[in-house]
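Trainee: A structural model of the following input is requested.
(2 chains)
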There are 2 protein chains.
Amino acid sequence: MTSYSAPLRDIRFVLHDMLDIESHYASIPAFAEVSADVADSVIEAAARFAENDLAPLNRIGDEEGCQFNDGVVTTPPGFKDAYAKFLELGFGALSAPVEYGGQGLPPSLGIVVGEMNGTANWSWGMYPGLSNGAIETIKAHGTEAQKQAYLPPMTTGRWTGTMCLTEAHAGSDLGLIRTKAEPRPDGAYAITGSKVFISAGEHDLAENIVHIVLARLPDAPKGTKGISLFVVPKYLAGADGGVGERNAVHCVGIEHKMGIRASATCSMNFEGATGYLIGPPNRGLQSMFTFMNAARVGTAVQGVCTAEGAFQGALHYARDRLAMRSLSGPKAPEEEADPIIVHPAVRSMLLTQKAFAEGGRVLVYWLATQIDIAEAAGTPDVRKQADDLMSLLTPIAKAFLTEMGCEAAKHGVQIYGGHGFIREWGMEQVVRDARISTLYEGTTEIQALDLLGRKVLQSQGELLKAFTKIIHKFCQANAEDPAMAEFVEPLAALNKAWGDISISIGMKAIMNRDEIGAAAVDYLYYSGYVTLAYIWAWTARTGLQKLQTAEGDAAFYQAKIQTAQFYYRRVLPRAQAHIEIIKGGREVIQQMDEAAFAF
Amino acid sequence: MTSYSAPLRDIRFVLHDMLDIESHYASIPAFAEVSADVADSVIEAAARFAENDLAPLNRIGDEEGCQFNDGVVTTPPGFKDAYAKFLELGFGALSAPVEYGGQGLPPSLGIVVGEMNGTANWSWGMYPGLSNGAIETIKAHGTEAQKQAYLPPMTTGRWTGTMCLTEAHAGSDLGLIRTKAEPRPDGAYAITGSKVFISAGEHDLAENIVHIVLARLPDAPKGTKGISLFVVPKYLAGADGGVGERNAVHCVGIEHKMGIRASATCSMNFEGATGYLIGPPNRGLQSMFTFMNAARVGTAVQGVCTAEGAFQGALHYARDRLAMRSLSGPKAPEEEADPIIVHPAVRSMLLTQKAFAEGGRVLVYWLATQIDIAEAAGTPDVRKQADDLMSLLTPIAKAFLTEMGCEAAKHGVQIYGGHGFIREWGMEQVVRDARISTLYEGTTEIQALDLLGRKVLQSQGELLKAFTKIIHKFCQANAEDPAMAEFVEPLAALNKAWGDISISIGMKAIMNRDEIGAAAVDYLYYSGYVTLAYIWAWTARTGLQKLQTAEGDAAFYQAKIQTAQFYYRRVLPRAQAHIEIIKGGREVIQQMDEAAFAF
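Mentor: Numbers count the residues shown, from 1 in each chain, chains lettered A, B, ... in the order given. Okay, the predicted model is just below:
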């Protein structure tokens, strides 16, 4: 099994050469003091932690999984110590507000740290990762008393948090949830119901767990407009900042899963548990949306983690494994065969992984800077603009990058050949762990509906236009550069076609709303390929500029341009197929009688 | 977890309506007495066995896996009883020659039985499946004495067989194997070496295991031209047809794998084991080729099994699970939500699975009839023609159908949402089991080189032309039928483009042989999509004819035409992308310095 090596060179390239992160932070009052050096030192410390403390626990975590015994969940050996060290190093509180004990660093730095943790050990990363959602929710919607009670122990990581949304019969469709919240004379609520798939719902890393729970008030309207949000701690908050009485919420089992086996996926029973309303009654889903984009960007990161992890493992093996001679003559004549990296099929798979890992990294870091702006920029206009861009790009990043992560993981196994199927080599774990990423936080199909239905069509194309305009300006700005022509010409055409197909689907949807569902998934893939084409054109331009100014390592920038060329010539042609499939229409999907699917 | 229901209606459609199996058997002297009734009764008995005896063991097989203890391999609970029943029912000896105790039925019937066994429980199916390869090898290359000694106990299934090819450092590249065979004074050989990934190398189902082993004679030339084939039984054959002395071949461990966990994947040590040369010295690889096509068709079947299994599971869930309302208005207003089969994204995935399962079935059964002909037809010309077609179509069927099987398995998990990731629902096992199918018996990348390099280009296009001519004639024959136009027009264009791109790659390969490697995988996918397009056009024509003559169940034939329409409109557009990617060329794959893949 290969170890993890944090791609610091590439991370620095994205943050500094592409995103000019220091100027970005300088433009936001709350982060104005975050220098490039501060950012780099945080990232380097996180890299060491991921490499030395998390990666070595990845395999044992998968082998041992979590253990459940009579309501108690035990994490795999080493997980607890690593968590303690994580807190000690201050990573738990990285992006949390200073007034509640956090370090107040930008969310974008948290994303970078999250990527490294996630590639090294995704299961472990779920525990602090899930806390963020709960913290953000309390921060945005809690009363001052709630913030004072929960945020300090949560931001320091002494307590962790969960999001309790799903019930056995209600996953994508949260309107169906049944968990009840009955008002008590003391102003609190008695929460009763069963939740499933609760990541980190119970574990042994922290002294308390704070659940954010979706439930219905007695008089709640049916469906999504009758859901409220409650804080339900495992132990009630004690008077002294410690824990008090045990609450009536218990883990009744953990799932046996395909992957991320060291992440405890809990079934939780609430038996009249004490809960506190957070945010306005019946508006729980809306309150959730405020942090849902950020959580989905967090999952998009998993796509990058998967691609990066699979790429690192596969590259190591492709350089090491000898098999067959290059068709164009021996490349390692002193050996009994050539290393398999000489074979075009192997190189193609490696370059595909590289294009998704590095391109995906740019996309999620860029999105992360938009989160910084949306949360903390000085003017509402600027915040709104960033929030709009994030709204559009989040379902693309979440669904497309996780799907491409799964493809990259598949290539990893394929490069290992039969050894890819064997557990000890580690590549099949990447496939199994990654598989959750296209399912949770909204499946690919749900993201596709969100993108096409809610974001593009409901905004009358406005959200899309804001982004296609960015691409259009990029193409214009680089139209005269002959070195950029191989990128700019196809990108401009794809960008125009993006608008055209959106209008065409919108027109058809006026006649039949099922046109949206029939087109959505292919529309999402198309959007993903075009977005990554923009990212790679931008990357190539950055590389060309660096080469022209002879700054830094020429080989590094040359490789960026070559990866962009690979992406444009050998991956991007897939985009057109998705347009053709969309044009294939709705009828052939819907004409078959349900009874005729099988005889 | 859903149970398995053998798709007998569809199997009969393919065998009778499409392949006219009775006439096919009648045309081959050895099988002339196999009536449609005989075939149907074999298949129905096999269906009951697969449904009632194998499917119930599938989950426990995965949970328990095989156990290894001091050289002994124990299969999961129930596997041994099921194997005994399989032999009792006569399935072990189905296609084996009558003179050695077999039933002498056509290989094509074995493929149909194999599909049902494999969908119900792929791991279990590996044990009798692997025997076939060893039996075929001894049948084709053994001396009469070897045949008499091994075939009767093997064809009845009392003994099983293996193929011992791979070594830890030699998988795709068998030229690197090191296992030695030293001649002994008694005419036998002492076999010494280590083999890995030996399926069914050791187990508790049968009283003896006969290994077919690739090894080198002392004076053997290097590489693939110095490999010989040996029979190495676990117990030497006894004088009375029973087993004799224990041979010096031992299992030293089993692999812990991603999937097919109930199939024992053994590391075997040969410590001067007694072996017998089979076939001419140094021609072992050539001897293997005689049965390799058949073995690869056997693996192509796994693609069908995967697609069928995933489809059955997903369809069950899609009809049952309620979530959200159809965008075009409630379809089940009496329920709190619609069943998810109403949503176009879910339907698309189901129809994709259906198109691969049913189309793949036609392809492998059709190929199986070519095996019947190649092995047993009365005239050499007819045998040669079938063998040529099989040579071309086997790498396509093996690689394309297993890849599409994996895609179908992915859709299965996706349709289950979060539940797809949980072991108890069974869908993730389909993904894990299927994953081996694109690796063993030659990876997808190896099949792609075989197709483009060896089959298409080495034959100067002759093998391809034989098939494109079949498609061309089909298109001509149906050119006047307006109901067929939606299939024939795109099929004829794709068929022509297949020849064109082959010539274009061939021309470029004259300048640089790496063009073959750079194009091969996309060429294989293109070939697969076109082949399946021919299959679905043929299927649609059969359906249309049945509707015109008002024979049988109109809804069944209507669904065939609708599935063909779905395939043509919503899957087939992918083919063109592969052409564009091939045109993307070799340079962008090969220009990057190996050192520049990562910094």
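Trainee: Kindly list the longest strand within chain A.
Mentor: Counting by DSSP state E, the longest strand found in chain A is strand A:265-278.
Trainee: Excluding its own residues, what touches stretch A:491-511? List them.
Mentor: Residues from elsewhere that reach stretch A:491-511, judged by Cβ atoms under 8 Å, 6 or more residues apart in numbering or on different chains: A:452, A:456-457, A:461, A:464-465, A:468, A:471-472, A:474-475, A:515-516, A:519, A:523, A:526-527, A:529-530, A:533-534, A:537, A:572, A:575, A:579, A:582, A:586. From N, CA and C alone the C-beta is placed, and that goes for glycine too.
Trainee: ditto for stretch A:382-390
Mentor: A:293, A:297, A:367, A:370-371, A:373-375, A:377, A:462-463, A:466-467.
Trainee: from the residues you listed, which is closest to residue A:129?
Mentor: When the contacts of stretch A:382-390 are compared for distance to residue A:129 (Cβ to Cβ), residue A:297 wins out at 11.5 Å.
Trainee: what's around the closest one, how many residues?
Mentor: Using other Cβ atoms under 10 Å in any protein chain shown, the number of residues around residue A:297 comes to 26.
Trainee: Counting by contacts, list what the helix or strand encompassing it packs against.
Mentor: Following DSSP states H and E, one finds residue A:297 within helix A:284-320. Helix A:284-320 sits against helix A:107-141, strand A:208-215, strand A:228-233, helix A:344-376, helix A:380-416, helix A:427-434, with contacts defined as 3 or more Cβ pairs under 8 Å, 6 or more residues apart in numbering or on different chains; DSSP states H and E.
Trainee: please redo it, this time with the cut-off set to 6 Å
Mentor: Packed against helix A:284-320, as judged by 3 or more Cβ pairs under 6 Å, 6 or more residues apart in numbering or on different chains; DSSP states H and E, are the following elements: helix A:107-141, strand A:228-233, helix A:344-376, helix A:380-416, helix A:427-434.
Trainee: Pull the distance from the helix or strand following the first one to the chain's centre.
Mentor: If I follow you right, that is helix A:107-141. Counting by DSSP H and E, the element after helix A:107-141 in chain order, helix or strand, is helix A:144-155. Distance of helix A:144-155 from the chain centroid (Cα atoms, centre = their mean, to the nearest Å) equals 26 Å.
Trainee: So for the very next helix or strand once past helix A:144-155, mean pLDDT?
Mentor: Elements were assigned by DSSP H and E; along the chain past helix A:144-155, the next helix or strand is strand A:159-164. Strand A:159-164 comes out with an average pLDDT of 95.
Trainee: Hey, what's the angle from strand A:159-164 to strand A:265-278? Just curious.
Mentor: Going by axes from the mean of the first three to the mean of the last three Cα atoms, to 10 degrees, strand A:159-164 is angled at 90 degrees with respect to strand A:265-278.
Trainee: Who are the packing partners of strand A:159-164?
Mentor: Using 3+ Cβ pairs under 6 Å, 6+ apart, strand A:159-164 sits against helix A:107-141, strand A:189-199, strand A:208-215.
Trainee: Describe which strands that strand pairs with in its sheet and in which direction.
Mentor: strand A:208-215 (parallel) (DSSP bridges).
Trainee: Not counting its own residues, what contacts the partner strand?
Mentor: Residues from elsewhere that reach strand A:208-215 (Cβ atoms under 6 Å, 6 or more residues apart in numbering or on different chains): A:134, A:137, A:150, A:159-165, A:177, A:179, A:181, A:191, A:227, A:230, A:232-235, A:243, A:284.
Trainee: Determine whether the claim that residue A:559 is in a helix is correct.
Mentor: Yes. Secondary structure of residue A:559 (DSSP: H, G, I helix; E, B strand; the rest coil): part of a helix.
Trainee: Which one of the helices and strands packed on strand A:159-164 has the poorest average confidence?
Mentor: helix A:107-141 has the lowest average pLDDT among these, namely a mean of 94.
Trainee: and it, how far from the chain's centre?
Mentor: 10 Å.
Trainee: neighbours around the nearest residue to residue A:431 once chain neighbours are set aside, how many?
Mentor: The spatial neighbour of residue A:431 that comes closest, neighbours along the chain excluded (Cβ to Cβ, 6 or more residues apart in numbering or on different chains), is residue A:409 at 4.5 Å. Applying other Cβ under 10 Å, we find 30 residues neighbouring residue A:409.
Trainee: so residue A:409 touches residue A:306, yeah?
Mentor: Yes. Residue A:409 is in contact with residue A:306 according to Cβ atoms under 6 Å; the separation is 5.2 Å.
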